[in-house]
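Peer 1: Let me see the structure of the following:
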Amino acid sequence: MFYIKENLNDTTSISVEINNENVYCRCPQCGAEVPVDLSVFWTAENFDIFSSAVYCDACTLKRLKGVLHESV
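Peer 2: All right, here's what the predicted structure looks like:
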């Protein structure tokens with residue numbers, strides 16, 4: 001089991017199990033909270049949790065439209 005642990009003060013800490021329902025990141029373009037299923041990334045070659053980013057649906061569509069528009 002993987003978990004995160006945060007010390008709240010000298011005597012109190014909190015531990016939370018990491019699962020497919022409690023991992024999130026911020027969209028690097030707009031800052032929206034994006035749910036992340038880490039199991040999708042574990043299979044990717046050269047996956048690096050520290051340098052990875054996940055775009056929200058709206059920003060993903062904007063980026064795809066830009067790429068599609070540029071290729072026409």
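
Peer 1: Look at the residue positioned nearest the centre of the chain and tell me its secondary structure.
Peer 2: To find the centre residue of the chain, average its C-alpha atoms and take the closest one (Cα atoms, centre = their mean): that gives residue 25, at 3.6 Å. In three-state terms, and counting by DSSP: H, G, I helix; E, B strand; the rest coil, residue 25 is strand.

Peer 1: next one: residue 59
Peer 2: Put simply, residue 59 is helix when judged by three-state DSSP.

Peer 1: the helices in the chain, which residues?
Peer 2: Assigned helices in the chain, in chain order: 38-42, 57-70 (criterion: DSSP state H).

Peer 1: quick one, phi psi at the closest residue to residue 36 other than its chain neighbours?
Peer 2: Here the nearest residue to residue 36 in space, its sequence neighbours aside, is residue 23; by Cβ to Cβ, 6 or more residues apart in numbering that works out to 4.7 Å. Any C-beta I mention is one placed from the backbone N, CA and C, and that applies to glycine too. Geometry field for residue 23 lists phi and psi as phi -110, psi 130, criterion degrees, to the nearest 10.
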